[in-house]
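> Prediction below, plus the sequence it came from.
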Amino acid sequence: MNSPLSRRRFLEASAGLASGALVATHLQAAHHGSYSLKGRLYKTLKINMIKIDGPLSERFRAAKKAGFMGVEMNSPGMDVEETRQAIDESGLPVDGTVCSTHWKIRHSSPDPPTRAQALQDLKIAIRDTHAVGGHTVLLVVGKGEDGPESEIWPRSVENIRKAIPLAAELGVSIVIENVWNQFLYDHEGDSNQTAEPFVKYVDEFESPWVGMQFDIGNHWKYGSMGDWIRMLDKRIIKLDVKGFSRIENKFMQIGEGDIDFLDVRTALHEINYHGWVAAEVKGGALAELKKISGQIDRAFGL
């Protein structure tokens, strides 16, 4: 019969072996890039990527056939009734929209009538998104050329904040995309920048209806996408994705270039992200859409 001491030593040794095996398995998974996000991510794409002739319903069917689970429309400018018909005929939902005027008609503009129009357009996008069953409106909040950060930061926050009551009423989130707009990062800076300015900007709204549609690729030139995801954490409501090469200094297809997608996948696991990831690349006909869908699968382990 084993003594209590020998049994305790056996259990301790077994626990140590199990722990070591778990660590080894974890390291092996990391080495082989097997952090799968299957069941956590839902693939969508921008409507302008679908280069298919015919009615909107045919474009929706093509996206669905290519493996996408949703589509992002543009508003203002979306035909709500046509979009509803396309959803019904294809079975493909609209998960959100992109505010179609945000680059030219900006919330950071020093011109009050321009800001008023930007607010009106954002509200149209929120209403249109709700009308077709979507839940996010992607927004570029402004541009650095509109003034120093000390001016455009509070100016844009004040303007966008006026849309939050409508967003809350209709259940549509305003999601800020990190883009090359010379705002909230140093456009001439190096690759060691952090997402801290984005964190502070989002937090200033003090609303669960304002978050990020974090673009994996847009700021790889300026920082670690995995670390930005960790810092933004629950502020990330949605994802965009494209490739980028620091060596060639250009955007690329998803999975091409030198973005550390293993670190991205690990970070998304760490923040327990579940939600949509939107392709934002050139697009094409059915064959190209299938290729892009497969690129997303490989990049995220789907």
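Okay, I see it.

> quick one: low-confidence ranges for the stretch 51-200 of the chain?
Counting by pLDDT under 70, the stretch 51-200 of the chain has no low-confidence residues at all.

> Now do the strands in it.
With DSSP state E, counting those that start in this stretch as the criterion, the stretch 51-200 of the chain has strands at 71-75, 94-99, 136-139, 173-177.

> which residues touch the longest one?
This points to strand 94-99. Contacts with strand 94-99, where a contact means Cβ atoms under 8 Å, 6 or more residues apart in numbering, come from 42, 44, 46, 69-76, 78, 83, 87, 121-122, 125, 128-129, 132-140, 175, 238, 276, 278. Every C-beta, even on glycine, is put in place using the N, C-alpha and C of the backbone.

> Can you tell me the centre-most residue of the protein?
With distances taken as Cα atoms, centre = their mean, the residue of the chain nearest its centroid is Leu239 (1.4 Å).

> Checking my notes, it in a strand, right?
Yes: checked against DSSP: H, G, I helix; E, B strand; the rest coil, Leu239 lies within a strand.

> And it, what's its pLDDT?
Looking at Leu239, its pLDDT is 98.

> Return the set of residues that bridge with it.
With DSSP bridges as the criterion, Leu239 is bridged to Phe214, Val277.

> Give me the distance between it and Ala267.
Leu239 sits 11 Å away from Ala267, going by Cβ to Cβ, to the nearest Å.

> residues shared between the contacts of those two?
Common contacts of Leu239 and Ala267 (Cβ under 8 Å, 6+ apart): none found.

> one step back: now render the strands of the stretch 51-200 of the chain as a markdown table, adding mean neighbour count and distance to Met231.
Converted to a markdown table, the strands of the stretch 51-200 of the chain look like this (neighbours: other Cβ atoms under 10 Å; distance: least, Cβ to Cβ, whole Å):
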| stretch | mean neighbour count | distance to Met231 |
| --- | --- | --- |
| strand 71-75 | 25 | 25 |
| strand 94-99 | 27 | 23 |
| strand 136-139 | 26 | 20 |
| strand 173-177 | 24 | 14 |
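
> Export the ones you listed to JSON lines and append columns for distance to His187.
Formatted as JSON lines, the strands of the stretch 51-200 of the chain follow (distance: least, Cβ to Cβ, whole Å):
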{"stretch": "strand 71-75", "distance to His187": "26"}
{"stretch": "strand 94-99", "distance to His187": "22"}
{"stretch": "strand 136-139", "distance to His187": "19"}
{"stretch": "strand 173-177", "distance to His187": "16"}
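
> now for these, which one comes closest to His219?
strand 173-177 (10.5 Å; Cβ to Cβ).

> Give me the residues contacting the closest one.
96, 122, 126, 135-141, 160, 163-164, 167, 198, 201-202, 209-215, 218, 237-238, 240.

> in the stretch 101-250 of the chain, which spans are helices?
112-131, 149-161, 164-170, 196-204, 225-232 (DSSP state H, counting those that start in this stretch).

> ok, residues contacting the third one?
The set of residues that contact helix 164-170 without belonging to it, under Cβ under 8 Å, 6+ apart, is Lys123, Ile126, Arg127, Thr129, His130, Val137, Ser173, Ile174, Phe205, Ser207, Trp209, Val210.

> Enumerate the positions of it that are buried.
For helix 164-170, a neighbour-count test (16 or more other Cβ atoms under 10 Å) marks Ile164, Leu166, Ala167 as buried.

> Dump that helix to PDB, keeping only the CA atoms.
Listed next in PDB are the C-alpha coordinates belonging to helix 164-170 (Å, rounded to 0.1, in the frame of the first residue of the first chain):
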ATOM      1  CA  ILE A 164     -25.200  59.400 -29.700                       C
ATOM      2  CA  PRO A 165     -28.800  59.700 -28.500                       C
ATOM      3  CA  LEU A 166     -30.100  58.500 -31.900                       C
ATOM      4  CA  ALA A 167     -27.500  55.700 -32.000                       C
ATOM      5  CA  ALA A 168     -28.600  54.500 -28.600                       C
ATOM      6  CA  GLU A 169     -32.300  54.700 -29.500                       C
ATOM      7  CA  LEU A 170     -31.800  52.600 -32.600                       C
END
